[in-house]
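**Q** Structural data only, the sequence is not supplied:
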């Protein structure tokens, strides 16, 4: 039971880390798009 809880907890942390990574990547892509649009005008 304890091991299962630990595994679930680890899974949630990994999920959270992946979410944060994705968000930072999306923010970077967003900034690149903004810069490109800004350069066009």
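**A** Right, received. Where do you want to start? Only a predicted model underlies this, so the values are computations on that prediction, with no experimental measurement involved. Numbering: from 1, shown residues only.
**Q** pLDDT value on the residue nearest the centre of the chain, please?
**A** Closest to where the C-alpha atoms of the chain average out (Cα atoms, centre = their mean) is residue 22, at 2.3 Å. Residue 22 carries a pLDDT value of 93.
**Q** Check which helix or strand it maps to.
**A** Secondary structure from DSSP states H and E places residue 22 in helix 2-40.
**Q** Pull out the buried positions in that helix.
**A** Residues of helix 2-40 classed as buried: none (neighbour count, 16 or more other Cβ atoms under 10 Å). Any C-beta I mention is one placed from the backbone N, CA and C, and that applies to glycine too.
**Q** and the residue nearest to the centre of the chain, how far is that from residue 13?
**A** 15 Å (Cβ to Cβ, to the nearest Å).
**Q** Then residue 25?
**A** 19 Å.
**Q** cool, and residue 2?
**A** Taking Cβ to Cβ, one finds residue 2 at 17 Å from residue 13.
**Q** what do you get for residue 28?
**A** Residue 28 is 23 Å from residue 13, by Cβ to Cβ.
**Q** Let me know the pLDDT of residue 39.
**A** What the model reports as pLDDT for residue 39 is 79.
**Q** Ok, residue 1 next?
**A** Reported pLDDT for residue 1: 60.
**Q** Residue 5 now?
**A** For residue 5, the model assigns a pLDDT of 88.
**Q** Identify the residues contacting it.
**A** By Cβ atoms under 8 Å, 6 or more residues apart in numbering, the contact set of residue 5 is empty.
**Q** Show the contacting residues for residue 17.
**A** Counting by Cβ under 8 Å, 6+ apart, residue 17 touches no other residue.
**Q** what's the distance between it and residue 24?
**A** Counting by Cβ to Cβ - residue 17 and residue 24 are separated by 11 Å.
**Q** same check, this time on residue 35
**A** 16 Å.
**Q** do the same with residue 3
**A** 32 Å.
**Q** Could you do residue 12 as well?
**A** Applying Cβ to Cβ, the value for residue 12 to residue 24 is 19 Å.
**Q** again with residue 32
**A** Counting by Cβ to Cβ, the gap from residue 32 to residue 24 is 13 Å.
**Q** just residue 11 next, same as before
**A** To residue 24, residue 11 is 21 Å away according to Cβ to Cβ.
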